[in-house]
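# Predicted model and sequence below, questions to follow.
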Amino acid sequence: MSASVSRTTYREALRGALREALTADPRVFLMGEDIGRYGGCYAVTKSLLAEFGEERIRDTPLSESAFVGAGIGAALGGMRPIVEIMTVNFSLLALDQILNNAATLCHMSAGQCPVPLVIRMATGAGRQLAAQHSHSLEGWYAHIPGLRIVAPATIDDARGMLRAALLCPDPVLMFEHIGLFNMEGDLTEAAGVADIERAAIRRTGRDITVLTYGASLYRCLEAATELSAAGIELEVVDLRTLRPLDDATIIKSVRRTRRALMVDEGWKSGGLSAELGMRVVEQAFFDLDAPVMRVCTAEVPIPYPKHLEDAALPSVGRIVAAAHAMVAHEP
Amino acid sequence: MSASVSRTTYREALRGALREALTADPRVFLMGEDIGRYGGCYAVTKSLLAEFGEERIRDTPLSESAFVGAGIGAALGGMRPIVEIMTVNFSLLALDQILNNAATLCHMSAGQCPVPLVIRMATGAGRQLAAQHSHSLEGWYAHIPGLRIVAPATIDDARGMLRAALLCPDPVLMFEHIGLFNMEGDLTEAAGVADIERAAIRRTGRDITVLTYGASLYRCLEAATELSAAGIELEVVDLRTLRPLDDATIIKSVRRTRRALMVDEGWKSGGLSAELGMRVVEQAFFDLDAPVMRVCTAEVPIPYPKHLEDAALPSVGRIVAAAHAMVAHEP
Amino acid sequence: MEPVVAHDIGRGHALHLLAQMLRIRQFEDRCARLYTEQKIRGFLHLYNGEEAVAVGVMQALGVADSVVATYREHGHALARGVPMNALMAEMYGRRTGSSGGRGGSMHVFDVSRHFYGGNAIVGGGLPIAAGLALAQRLRGLDGVAACFFGEGAVAEGEFHETLNLAALWHLPVLFICENNLYAMGTALARSEAITDIRAKAAAYGQPAVAVDGMDVIAVEAAAQRAVKAMRGGGGSHFLECRTYRFRAHSMFDAQLYRDKAEVEEWRKRGPLITFTTRCKAQGLIAEEDFLRLERQADAEVDAAVMFAEGSDWEPVADLERYVYAEPRA
Amino acid sequence: MEPVVAHDIGRGHALHLLAQMLRIRQFEDRCARLYTEQKIRGFLHLYNGEEAVAVGVMQALGVADSVVATYREHGHALARGVPMNALMAEMYGRRTGSSGGRGGSMHVFDVSRHFYGGNAIVGGGLPIAAGLALAQRLRGLDGVAACFFGEGAVAEGEFHETLNLAALWHLPVLFICENNLYAMGTALARSEAITDIRAKAAAYGQPAVAVDGMDVIAVEAAAQRAVKAMRGGGGSHFLECRTYRFRAHSMFDAQLYRDKAEVEEWRKRGPLITFTTRCKAQGLIAEEDFLRLERQADAEVDAAVMFAEGSDWEPVADLERYVYAEPRA
Ligand SMILES: Cc1ncc(C[n+]2csc(CCOP(=O)(O)OP(=O)(O)O)c2C)c(N)n1
Ligand SMILES: Cc1ncc(C[n+]2csc(CCOP(=O)(O)OP(=O)(O)O)c2C)c(N)n1
Ligand SMILES: [Mg+2]
Ligand SMILES: [Mg+2]
């Protein structure tokens, strides 16, 4: 099957999905800091103000708690708001609204108050933005019941997951890695709505299952190429959705490769990789030939200088080293 | 050695430690909502206003972010503030200050700005306070580098850990389970400052190591008594400090019992038990006779009615069942 | 404060207002007893003394308007029309409760009446009300959102952020500050450098008035004016209702922070007593009317208790239902 | 705005103020070039146009006072006395930088000068300043805390919470709002229903004045008055400095949100140009003074670049140092 594709960027794919939603559904509107006149701090929403006007592309004052809460209220009131928080770091100011309201209202009201709200935020490091602009907290957010957490790594997913988020009756937090916005590639025109309950195997391989998502996916694929030359074949799973996790795909892969390596850009202790590792152990312990391993970010506030930032983040080198260590364990 | 003890409650032990610190160190002061005239929402600070006056027992307006941030500033300015947030649920309003400032300043300033701040908060469920007053987020907080997280389960620790927190140059978050305040017991007069880097084995046993903390400790001990009758001996480890974790004590115990069961009151996915399980697997995989298991809170906002609240929380019954399942795995 | 405009209300409306206030009073008095009997658990915050605020404001709202309240919301729920049976069942935690029993006293929801809680994070309801109002505007409808909160919430950042947002965007939110002078044990003057809340709100650029929150007619009139202005396309309005809570903050409060004498002084101005006296003086109602309404309220409460006690618990098997919405759209 | 009091400053002080403003200007112009050469990375926010604010305020502070600034803090750091070498090394991320290179442009710290950042969460510095001031009061000292932030921060909840707390507790905080009319691309009128920031601050119950932030003398005088009042036991003060940023918000900003003409109009009122003109007119300084100070500033910048480029990187082995304080007390 040869799908029709068009060349674009991750940023443009997001913008296209936003435009499409604004065009198709009068209930959709955008709200966030500098999304209008400024064009969005990462330029995702550029030009949308001119196209859709001030009522639907709403620049907000600097008040994360109020506009996220207003998004919740608007969702309760029949709209389909898409709220942009510039980066996950600032989302902490709105965490009360996210956890105590968005994630809680549906259950607490016995189903009367679903909150069909989409919150988009940038995440991740790699641009030397230092300790208050570089954290990856999406794995941490995945702890919260009532939320759905998605992290598109590909151009198709950037569009398809936003589409899916808008169809979802639950609050969906969408995390866009700052390293991906400029990524160029093909958009599959007919790809449609993404399935936000399933992980995707981006590379098949027999020796180790690598569980990852977002920008780390590309480091894992690079490591896989390097390791392949040494005869080690990685199977790379792009989790795509961090809550709920797709146990079926994960466990099936691990049962086959008998080894699981987790790679994520969050801090290690209590991060998403710990959860993944536990699930593997709980569900496939006797299938494992080696202890599960994880490659995460060093447990430090991300420092500014490049050499320290690089040292803190999961690198291809660290992934390769972990893989070698894992195959060294003979069953 | 027969230590001199006195009969008291967990609440009074905390109050005693606060009184002692206020008396001994002029840099110590207390700040929080209703800690003065009202006497503290869980009555921990009752009578301290009369003893120490308004300058040192400071009732704050309802503004969690400002008074936590002011605590950070006061700590930078040479004081030893003890900030009370009524419950961990409200601490989300101050999370920006806690993560982006308290946890970050020391590293970001290359050691110039340590933040010797103590934040106490109530945590946990069991009193039918429903979905905005019942969560256990201390394990989630333990993800954040730069913080120290302590959770005293015993009367000696209630006093000793507060003492230790005040001596610590780092921000220490102390979580007090609402189910423990009324607990009566003995206070070891000479116990001194608690070691907040070490876990404690509260019961020795050969079959399964149980890793737990806070109010869950007592459920585990109850389960241990029940299981002992069935010939299964639990070793119960009270983690005491959730960040940094005392790997040495944990791993040593697991190596001996060859089984690890984690019990905590947080939500399961991405909770502290996942981290504990991963560490066990990473460090003692080949010593395990059974997959690690965890008993956590159901992934729901805690509901109001008792039967549902009980069903959501880790119960003695669930711990016992997990233990039986673990020993059923023959090596 | 706004001068109280002499206002002709007629016997029918007088009876209605009194009946509503009495329903709340009797319902809550029963709840307090049920609490000591441990039939109701958790936190219980009573509205005793503040009934005129909820009842007054609700008169100004239509069926399509939304209401957002706090953890002290029994009065708002009843005045809004949440059936007493469902409310009492919620207090008991039964599945027939307005939130299926999951919320309890602090989390009453009734979406069929646009009653959105029941919010127990101080200040947390304000942004939600702004969003509900925004939705009305964006949908081209003329509904307003009424948002109740205490004077303690005024110190929270969300108060500030939301008042600005609502004023800036001309959202039809009626902010109702129930100024009962205390936030738990903290007197207003101990939490605000400037204690004039109406003035504070006006500084955000929206009409703001203060009324005697003990006077149901004054509250009603002020709310009517505000809602009318908003229906005509006006932006947010602020209403400070000066009131007092006669009972403790919650069932755990020893009230060390205020004098008994102060409470007694305020009791003389209680909304039920003053309204009844006034209506009697005007010949609108007679003592027997009062007694009849009280009996009716008691009967309704009795029936609600019966209903609650006869209701089932939600099955444990349903614990994890509604964490996510069902069915998927 | 406060009327500008004619104020006799003398040649020495005039030269000092000019020198400080020039140091900032020249330092930052070099930083902009170094950014395009990729020697400086991350976010770089320039203070160009606003120099009079930092320089004016710092004149009022003593060594024991504290300063809390934002991510646009090079000017504050230099004016406070952070050595230019250490500042430039910080921009480069070298271990000789004021934060050991870990903070970069947005996170300059120098505790020996009570310079507490370098805070990149809008509004996040305000509570910290309140706490620093509280510490002074509790320790019986008379230090004040000066807290700089933009007008964009005014919408944040922390602004509200902190202004109330500081006023309520009479904390010696000098809040300095650098009102440059834009928060990134958002004009003040698009983020605040009421745009008079001074009035807003006054409503919290503290002295609040607005001054021409382009006039270093006016800023200095206002800051002096406020600090004097605070040293005498007064509580918090608020100073709105009306200014303008001449360059983009950061190096990534295409400035689509404002007219070139508007920028040009403001440039005529630039703090360097107006101050120099005025001092010349008063015969306080001559053109050659200006040129000499400019040369001196350039030389200092050259030396700082040399210093930074000659400095080592922090070893990777130290990455995890200082997550926790060392040595343990
Ligand atoms: C963010 C937050 N902080 C603290 C509390 C605890 N608390 C519950 S009610 C209350 C007092 C609120 O006072 P006010 O807003 O005046 O309302 P009132 O209870 O007087 O009706 C407090 C402090 C909370 N629920 N949420
Ligand atoms: C809480 C938070 N939200 C958003 C941002 C992104 N941001 C950085 S600077 C800025 C504009 C701030 O404007 P203002 O306070 O006026 O200061 P100025 O930049 O004009 O000096 C924004 C939105 C941030 N750093 N922190
Ligand atoms: Mg109150
Ligand atoms: Mg600005």
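Perfect, thanks for sending it. Ligands and ions are numbered 1, 2, ... in the order given.
# is any part of the host helix or strand of C:G117 close to ligand 1?
Assigned by DSSP states H and E, C:G117 belongs to strand C:115-119. No - legend: contact between strand C:115-119 and ligand 1 by C-beta under 6 Å from any ligand atom is lacking; minimum distance shown is 8.9 Å. To be clear about C-beta, it is placed using only N, CA and C from the backbone, and glycine gets the same treatment.
# Beyond that strand, next helix or strand please.
Following strand C:115-119 toward the C-terminus (DSSP H and E): helix C:125-138.
# what sits against the closest residue to A:A153 other than its chain neighbours?
Nearest residue to A:A153 in three dimensions, chain neighbours excluded: A:L217, at 4.4 Å (C-beta to C-beta, 6 or more residues apart in numbering or on different chains). Contact partners of A:L217, counting by C-beta atoms under 8 Å, 6 or more residues apart in numbering or on different chains, are A:153, A:202, A:236, A:238.
# The second one against A:V237, yeah?
Looking back up the chat, that one is A:R202. Yes - if you go by C-beta atoms under 8 Å, A:R202 and A:V237 touch, sitting 7.3 Å apart.
# For chain D, what's the nearest residue on the stretch 101-250 of chain C?
C:G157 (1.7 Å; C-beta to the nearest C-beta).
# if I look at the closest residue to that residue other than its chain neighbours, how far off is D:R198?
Excluding the flanking residues, the one nearest C:G157 by C-beta to C-beta, 6+ apart is D:G157, at 1.7 Å. Distance check for D:G157 against D:R198: by C-beta to C-beta, to the nearest Å, it reads 20 Å.
# quick one, which of those two is more surrounded?
D:G157 (29 against 19; other C-beta atoms under 10 Å in any protein chain shown).
# per-residue pLDDT, whatever residue of the stretch 1-150 of chain A ends up closest to chain D?
Scanning the stretch 1-150 of chain A for proximity to chain D using C-beta to the nearest C-beta identifies A:Y38 as nearest, at 2.8 Å. With respect to pLDDT, A:Y38 scores 96.
# Same question for C:I9.
87.
# related to what we said a few turns ago, out of the contacts of A:L217, who's nearest ligand 4?
A:A153 (35.3 Å; C-beta to the ion).
# ok, C:A19 touching C:R295?
No - counting by C-beta under 8 Å, C:R295 is not a contact partner of C:A19; they are 11.1 Å apart.
# Looking at the two, which is more packed in?
Neighbour tally, C:A19 and C:R295, criterion other C-beta under 10 Å: the higher count belongs to C:A19, 19 against 12.
# tell me the contacts of that one?
By C-beta under 8 Å, 6+ apart, the residues touching C:A19 are C:293, C:296-297.
# Next one: the residue most central in space within chain A from A:E265, what distance?
What sits nearest the mean C-alpha location of chain A, by C-alpha atoms, centre = their mean, is A:A151, with 1.6 Å. Per C-beta to C-beta, A:A151 is found 10 Å from A:E265.
# Quickly list what's touching both of these two.
A:177, A:214.
# returning to that earlier point: can you give me phi and psi for the residue nearest to A:A153?
Backbone geometry at A:L217, expressed as degrees, to the nearest 10, gives phi -50, psi -40.
# picking up where we left off before, check contacts around the residue lying closest to the residue of the stretch 1-150 of chain A closest to chain D once chain neighbours are set aside.
Spatially, and ignoring its direct neighbours in sequence, A:Y38 is nearest to D:G185 (2.8 Å; C-beta to C-beta, 6+ apart). By C-beta under 8 Å, 6+ apart, the contact set of D:G185 is A:34, A:37-39, A:59, D:249, D:253, D:255-257.
# Looking at these, which one is closest to chain B?
Using C-beta to the nearest C-beta, the contacts of D:G185 come closest to chain B at A:D34, 18.9 Å.
# sec struct for the closest one, please.
What DSSP: H, G, I helix; E, B strand; the rest coil gives for A:D34 is coil.
# so what's the residue nearest to A:A153 scoring on pLDDT?
98.
# how much space between it and B:E197?
37 Å.
# Then A:T8?
Distance from A:T8 to B:E197, by C-beta to C-beta: 52 Å.
# the more surrounded of the two?
A:T8 (19 against 15).
# Next, the contact list for A:V193, please.
A:160, A:163-164, A:167.
# all helices for chain C, in order.
With DSSP state H, the ranges of helices along chain C come out as C:10-36, C:51-58, C:74-80, C:84-92, C:125-138, C:157-168, C:197-202, C:216-231, C:260-267, C:271-281, C:287-309.
# ok, the fifth one near ligand 1 or not?
No - applying C-beta under 6 Å from any ligand atom, one finds helix C:125-138 out of contact with ligand 1, separated by at least 10.7 Å.
# Tell me the helices and strands packed up against that helix.
helix A:64-76, strand C:66-70, strand C:115-119, strand C:145-150, helix C:157-168, strand C:173-179 (3 or more C-beta pairs under 8 Å, 6 or more residues apart in numbering or on different chains; DSSP states H and E).
# how far out from the middle of the chain is the longest one?
Put plainly, it is helix A:64-76. 21 Å (C-alpha atoms, centre = their mean, to the nearest Å).
# what does the next helix-or-strand element following it contact?
Sequence order places strand A:80-87 as the next helix or strand after helix A:64-76, per DSSP H and E. With contacts defined as C-beta under 8 Å, 6+ apart, strand A:80-87 is touched by A:18, A:21, A:25, A:27-35, A:40-42, A:44-45, A:64, A:67-68, A:70-71, A:74-75, A:91, A:94, A:116-123, A:133, A:166, A:178, C:131.
# Just the buried residues of those residues.
A:18, A:21, A:27-35, A:40-42, A:44-45, A:64, A:67-68, A:70-71, A:74-75, A:91, A:94, A:116-123, A:133, A:166, A:178, C:131 (16 or more other C-beta atoms under 10 Å in any protein chain shown).
# and ligand 2, which of those reach it?
Answer for the buried ones among the contacts of strand A:80-87 near ligand 2 (C-beta under 6 Å from any ligand atom): A:33, A:64.
# Nearest residue to C:G56 in space, please, no chain neighbours.
Leaving aside its sequence neighbours, C:G56 sits nearest to C:V219 (C-beta to C-beta, 6+ apart; 2.7 Å).
# try C:G123
Using C-beta to C-beta, 6+ apart and skipping the chain neighbours, the partner closest in space to C:G123 is C:E156 (3.4 Å).
# before we move on, what about A:R7?
Spatial nearest neighbour of A:R7, excluding adjacent residues (C-beta to C-beta, 6+ apart): A:D186 at 6.3 Å.
# so the one you found sits in a strand?
Yes - judged by three-state DSSP, A:D186 forms part of a strand.
# residues near A:G231, how many?
With neighbours defined by other C-beta under 10 Å, the count for A:G231 comes to 8.
# any idea how far it lies from chain C?
A:G231 sits at a distance of 44 Å from chain C (criterion: C-beta to the nearest C-beta, to the nearest Å).
# Report whether stretch C:186-197 contacts ligand 1.
No - Stretch C:186-197 lies out of reach of ligand 1 by C-beta under 6 Å from any ligand atom, never closer than 7.5 Å.
# re earlier: count of residues packed around the residue nearest to C:G123?
Other residues lying near C:E156 total 29 when counted by other C-beta under 10 Å.
# same deal with C:P207?
17.
# Same question for C:F252.
Using other C-beta under 10 Å, the number of residues around C:F252 comes to 11.
# what's the distance between the residue lying closest to it once chain neighbours are set aside and C:G104?
Counting by C-beta to C-beta, 6+ apart, C:F252 lies nearest to C:F43, which is 7.8 Å off, once chain neighbours are set aside. To C:G104, C:F43 is 8 Å away according to C-beta to C-beta.
# What of C:A221?
34 Å.
# Looking at these two, which one has more neighbours?
Using other C-beta under 10 Å as the criterion, C:A221 and C:G104 rank with C:G104 on top: 29 against 20.
# Phi and psi next, for the nearest residue to that one once chain neighbours are set aside.
Leaving aside its sequence neighbours, C:G104 sits nearest to B:Y304 (C-beta to C-beta, 6+ apart; 3.3 Å). Main-chain torsions, B:Y304, degrees, to the nearest 10: phi -70, psi -50.
# And the helices in chain A, which stretches?
Under DSSP H, chain A gives helices at A:10-24, A:48-52, A:64-76, A:95, A:105-108, A:138-141, A:155-167, A:216-229, A:247-257, A:272-284, A:306-312, A:316-328.
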